[in-house]
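Peer 1: Any chance you could fold what I've pasted below:
(chains A and B)
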Amino acid sequence: GAVVSQHPSWVICKSGTSVKIECRSLDFQATTMFWYRQFPKQSLMLMATSNEGSKATYEQGVEKDKFLINHASLTLSTLTVTSAHPEDSSFYICSAIDRGSNTEAFFGQGTRLTVV
Amino acid sequence: LAKTTQPISMDSYEGQEVNITCSHNNIATNDYITWYQQFPSQGPRFIIQGYKTKVTNEVASLFIPADRKSSTLSLPRVSLSDTAVYYCLVGDHPEGTALIFGKGTTLSVSS
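Peer 2: Numbering: from 1, shown residues only, chains lettered A, B, ... in the order given. Down below sits the predicted model:
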């Protein structure tokens, strides 16, 4: 099946710094990718929809200036957590839908962000 | 999107068959039913998808009654490695729309 690769798998950063997470669709083109955040023992929460070549659409309550999303190509979307704080520590997951695969969505392996 | 309700948790032993039921009373005509599995610290993984009746693949079976207001994911002869969270999603997923996850069912398999 289609593969979505996320990098890095985990990252530790200091408070106030910025962290970039990459999401790549390896064998298909994804005009749209999605970013989720998941806190311990909770479900995935949609943060934003990343559209290739245009601005991302953010869910209510998600700060667009804090979570910068860039989708510059059909296979790459990036999420940058700016001025990270400990409360931003979470598991970030990206997803893309392969239109050639009957609406099946594929997910990256996730990125564990720890802000100290 | 149709709201889904599934048990918060289930316990089982190795070798048993596990059935997880999901209620979706407001399912629309164009909606599919999809189940995902998530292991700790990993992204969700597609298990199975169906529209009506029964679907079976190498991993699971999905039973959908005629009224489609519920569905049952059946995992045959579970093993310890099937311990995970299972999510039931209902929708037609038009292009550009994200999957919205409910709380899921945490399945714990013991030896």
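Peer 1: where does chain B come near chain A, residue by residue?
Peer 2: Within chain B, the positions lying close to chain A (CB under 8 Å from any CB of the partner chain) are B:32, B:34, B:41-46, B:49, B:87, B:92-93, B:95-104. The C-beta positions use only the backbone N, C-alpha and C, and glycine is treated the same way.
Peer 1: In PyMOL, how would I select just the buried ones from those?
Peer 2: Here is the PyMOL command that selects only those of the residues of chain B next to chain A that count as buried (16 or more other CB atoms under 10 Å in any protein chain shown):
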select buried, chain B and resi 32+34+42+43+44+45+46+49+87+93+98+99+100+101+102+104
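Peer 1: In chain A, which residue sits nearest chain B?
Peer 2: For chain A, the residue closest to chain B is A:F107, as judged by CB to the nearest CB, at 3.3 Å.
Peer 1: and that residue, bridged to which residues?
Peer 2: A:F107 forms beta bridges with A:S95, as assigned by DSSP bridges.
Peer 1: Helices of chain A, residue ranges please.
Peer 2: For chain A, helices defined by DSSP state H do not occur.
Peer 1: Show me what from it comes close to chain B.
Peer 2: Within chain A, the positions near chain B by CB under 8 Å from any CB are A:1, A:4, A:6, A:31-32, A:34, A:36, A:43-46, A:49, A:51, A:91, A:93-95, A:97, A:99, A:102-110, A:112.
Peer 1: Would you mind listing where chain B has pLDDT under the threshold?
Peer 2: Residue ranges of chain B with pLDDT under 70: B:1-2, B:93, B:95-96.
Peer 1: Next one, pLDDT for the residue nearest to A:F91 when sequence neighbours are not counted please.
Peer 2: Leaving out its chain neighbours, the residue that sits closest to A:F91 by CB to CB, 6 or more residues apart in numbering or on different chains is A:Q38, at 4.4 Å. We have a pLDDT of 97 for A:Q38.
Peer 1: Compute the number of surrounding residues for A:Q38.
Peer 2: Neighbour count for A:Q38, taken as other CB atoms under 10 Å in any protein chain shown: 20.
Peer 1: Same check on A:G16?
Peer 2: With other CB under 10 Å as criterion, A:G16 counts 10.
Peer 1: do the same with B:A84
Peer 2: 22.
Peer 1: residues contacting it?
Peer 2: Residues near B:A84 by CB atoms under 8 Å, 6 or more residues apart in numbering or on different chains: B:37-40, B:106-107.
Peer 1: circling back: identify the residues contacting the residue of chain A closest to chain B.
Peer 2: A:F107 neighbours (CB under 8 Å, 6+ apart): A:4, A:93-95, B:43-45.
Peer 1: sorry, back to before: can you pull the contacts of the residue nearest to A:F91?
Peer 2: Neighbours of A:Q38 in contact, by CB under 8 Å, 6+ apart: A:44-45, A:90-93, A:110.
Peer 1: hmm, back to that, mind picking the two most distant members of the contacts of B:A84?
Peer 2: Comparing all pairs in these by CB to CB, the longest separation belongs to B:P40 and B:L107, at 12.4 Å.
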